[in-house]
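Asker: Sequence and computational prediction follow.
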Amino acid sequence: MIKNILKITALSALALGFVACSDSSKNKEEKVEVKQTTIKIGATPVPHVEILEAVKPLLKAKGYDLEIVEFTDYVTPNIAVDEGELDANFFQHLPYLNEFNKNKNTNLVKTVNVHLEPMGLYSNKIKALSELKDGASIAVPNDPTNESRALDILVKEGLLTFKDVDFKTIVDIIENPKNLKIKELDAPQLPRVLDEVDAAIINTNYALAAKLNPLKDALVIESKDSPYANIVVVKKGNENKEYIKALNEVINSDEIKSFINQKYQGSIVEAF
């Protein structure tokens, strides 16, 4: 009788051990499958952060908190996504991203288009492009894609011609009838040098931050059929995560389309 009781006790203990192991494994699985409810995204201030602030309550309704980290350059937010410090970023167009991946050996991918910021030529010294004198100085962004994009505006206005290259730089100029002096500067600096140059071609986010209205203040503005839409970017392999899908859905929603159209009145246009 005692032997039987001992056997039953031993079996019960063994069974409890299995249950404990099973519960432990289950707990481990549950930890792995915990839903990510905070999305950390990097962005430059205007208009990207403003658009993301409008995204916040819409994402909250889907069960996600959006944490926005501001940057003032075009390099750090990509490095931060590639290294896993950010879940996504929102500040660039696809040609810039492709060139960045190539040069920095990063593995970043586009998820969705959001908006287009037409690049414009601004000046504190002239009121029309026809007033541009021989030898005038024009500042442009110095990163490869945005410099080429800026120089395309001067090509369209008949001021320069270039060799047939993927990304134009000043070394590719073939004809320069006005002997323009092209100054290559970091994009954030361009609004600050308007008193030092005859004109500058400025990305709209930096123009808006400097209280420049592209529709009212730009002497020349990029066509709205430009391929340079701003995009959401993530590390490759994360594009199908549920939280990224939720972000994409909200940022491409009718509510955000209305926000962009109403707030920016055509100086920034939705691209989805």
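Answerer: Alright, I've got the coordinates.

Asker: where do the strands sit along this protein?
Answerer: With DSSP state E as the criterion, the chain has strands at 38-43, 65-70, 88-93, 108-116, 120-122, 137-141, 161-162, 173-175, 181-185, 199-202, 220-221, 229-235, 269-270.

Asker: What part of this protein, helix or strand, is modelled with the least confidence?
Answerer: Least confident helix or strand of the chain, by mean pLDDT, DSSP states H and E, is helix 2-32 with a mean of 45.

Asker: what's near enough to touch residue 128?
Answerer: By CB atoms under 8 Å, 6 or more residues apart in numbering, the residues touching residue 128 are residue 219. In this view, the C-beta of every residue, glycine as well, is placed from N, C-alpha and C.

Asker: So it versus residue 177, what's the distance?
Answerer: 18 Å (CB to CB, to the nearest Å).

Asker: Kindly report the same for residue 261.
Answerer: 40 Å.

Asker: Please apply the same query to residue 70.
Answerer: 42 Å.

Asker: Report the contact partners of the spatially most central residue of the chain.
Answerer: Central residue of the chain (CA atoms, centre = their mean): residue 91, 2.2 Å from the mean position. By CB under 8 Å, 6+ apart, the residues touching residue 91 are 42, 43, 44, 48, 71, 74, 77, 205, 230.

Asker: Identify the residues contacting the residue lying closest to residue 185 once chain neighbours are set aside.
Answerer: Spatial nearest neighbour of residue 185, excluding adjacent residues (CB to CB, 6 or more residues apart in numbering): residue 139 at 5.3 Å. Residue 139 sits next to 182, 183, 184, 185, 190, 193, 197, 199, 200, 201 when contact means CB under 8 Å, 6+ apart.

Asker: Go again with 6 Å.
Answerer: Applying CB atoms under 6 Å, 6 or more residues apart in numbering to residue 139 gives the contacts 183, 185, 190, 193, 197, 200.
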